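Asker: Provide a 3D model corresponding to the input given below.
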Amino acid sequence: MSNTEKTSALLDCPVPFEHHPGQVDTYPPKDVALGGEDAMRVRRTLPNLRRSFVGAWCFIDHYGPEEGACMDVPPHPHTSLQTVSWLFSGEIEHRDSGGVHAMVRPGQVNLMTSGHGIAHSEVSTKSRAALHGVQLWVVLPEHSADLEREFQHFEPDVDAVAPGVRARTFIGRLGDAGSPVQTETPLLGSEVVLEPGATWETTVDGGFEHGVLVDSGVVDFDGVRLDNSVLGVRDAGLDHLRLHNPTDAPARIMLLGGTPFDEGIVMWWNFIGRSHDDITRLRQEWNEAPDDRFGRVSGYRGSVPRLRAPELPEVTLKRRFRRGRES
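Answerer: Purely as a prediction, here's the structure:
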């Protein structure tokens, strides 16, 4: 999924707030339109003013369920990241400049590595099911920022991890379940469903930060109540976590984790770089000669051949870190 905002407002991140080991911080979503007035709207919890990453996860868009919603994102670029697409319902057609034409379907993960540069389009099909899912980005570390384009697909099994608790682990390892999907930093990605009243206490990697995004229902994450669409994040340091569904309806979450990502990056529009000059150069290359670096997407049939990068703000873009921006 692209960031289709035509202007990118700059917000100075505040001084990091006082933080305690084991504390679960909560991040409500920002409502964002993917395009014009009639565009599908998404709930964005990462990045935000107080936090840039959970592990190397650097972008979380949560959308649907929305009957009749149409996603039609023309070819657009990415650099220095991996996109991770996960659906609960609906269907999306993916095309990229690496020659991949694939479908995104519920319970199947599609991971696209942009590396040095890639372009892709995303179009929802005429499936009768409501469009409902998450779009995630993973930042690549500097030593892997210019990887070759790549596409990975995997359909994880549904594992009964505890009474009343089911999980599909699509990246990394959770308990006995693991994914073959390759990432450049240690990560965890799993869809977890808790039946009414279910409690799950599990061992996790103590070196990981962990995030819980509630898709439906209500969940207590280490005793902190998370309502629908809220992201709860806990820093590294504990080797276990506890999830509880206090209601009489099922709850579904996305459990994300990874080792702390301590590099500074500049993330603007659909680009990740390490400096303002990087972004200026990437924007110019995409707008003036996109095929040279990003390649061409074949088969897209929309009315707009590709998205153009918006104007840069008249300030120097600063790097963002796990919490806040450099001064």
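
Asker: counting contacts, what elements does the least confident helix or strand in the chain by mean pLDDT pack onto?
Answerer: Ranked by mean pLDDT, DSSP states H and E, the weakest helix or strand in the chain is strand 30-33, scoring a mean of 92. Using 3 or more Cβ pairs under 8 Å, 6 or more residues apart in numbering; DSSP states H and E, the elements in contact with strand 30-33 are strand 41-46. For every residue, glycine as well, the C-beta is placed using N, CA and C.

Asker: I171 against E184, yeah?
Answerer: No. Between I171 and E184 there is no contact under Cβ atoms under 8 Å: 11.8 Å.

Asker: just want the most central residue of the chain.
Answerer: L136 (1.4 Å; Cα atoms, centre = their mean).

Asker: and stretch 117-128, what's buried?
Answerer: G117, I118, A119, H120, S121, E122, V123, S124 (16 or more other Cβ atoms under 10 Å).

Asker: also stretch 227-235?
Answerer: For stretch 227-235, the neighbour count (16+ other Cβ under 10 Å) marks N228, S229, V230, L231, G232, V233, R234, D235 as buried.

Asker: and stretch 311-323, by the same measure?
Answerer: Neighbour-count burial for stretch 311-323 [16+ other Cβ under 10 Å]: L312, L317, K318, R319, R320, F321, R322, R323.

Asker: any idea of the mean pLDDT in stretch 111-126?
Answerer: Averaged over stretch 111-126, pLDDT sits at 95.

Asker: ok so, going back, quick one: residues in contact with the least confident helix or strand of the chain.
Answerer: Contact with strand 30-33 is made by T4, E5, A39, M40, R41, V42, R43, R44, T45, N48, D61, as judged by Cβ atoms under 8 Å, 6 or more residues apart in numbering.

Asker: pairing partners for that strand, with directions?
Answerer: strand 41-46 (antiparallel) (DSSP bridges).

Asker: relative to strand 41-46, how tilted is the helix or strand following the strand it pairs with?
Answerer: The C-terminal neighbour of strand 41-46 among helices and strands, as given by DSSP states H and E, is strand 57-66. For strand 57-66 against strand 41-46, the angle by axes from the mean of the first three to the mean of the last three Cα atoms, to 10 degrees is 150 degrees.

Asker: before we move on, back to that, redo the buried residues of stretch 311-323 as JSON lines? Include secondary structure.
Answerer: Output for the buried residues of stretch 311-323, formatted as JSON lines (DSSP: H, G, I helix; E, B strand; the rest coil):
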{"residue": "L312", "secondary structure": "coil"}
{"residue": "L317", "secondary structure": "coil"}
{"residue": "K318", "secondary structure": "coil"}
{"residue": "R319", "secondary structure": "coil"}
{"residue": "R320", "secondary structure": "strand"}
{"residue": "F321", "secondary structure": "coil"}
{"residue": "R322", "secondary structure": "coil"}
{"residue": "R323", "secondary structure": "coil"}
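
Asker: hmm, which of these is lowest in pLDDT?
Answerer: R323 (81).

Asker: looks like that residue contacts R51 (just checking).
Answerer: Yes. R323 is within contact range of R51, at 5.9 Å (criterion: Cβ under 8 Å).

Asker: and G206, how many neighbours does it have?
Answerer: Other residues near G206 come to 10 when the count uses other Cβ atoms under 10 Å.

Asker: what sits against it?
Answerer: G206 touches A236, G237, L238, D239, counting by Cβ under 8 Å, 6+ apart.

Asker: nearest to N245 among those?
Answerer: L238 (20.7 Å; Cβ to Cβ).
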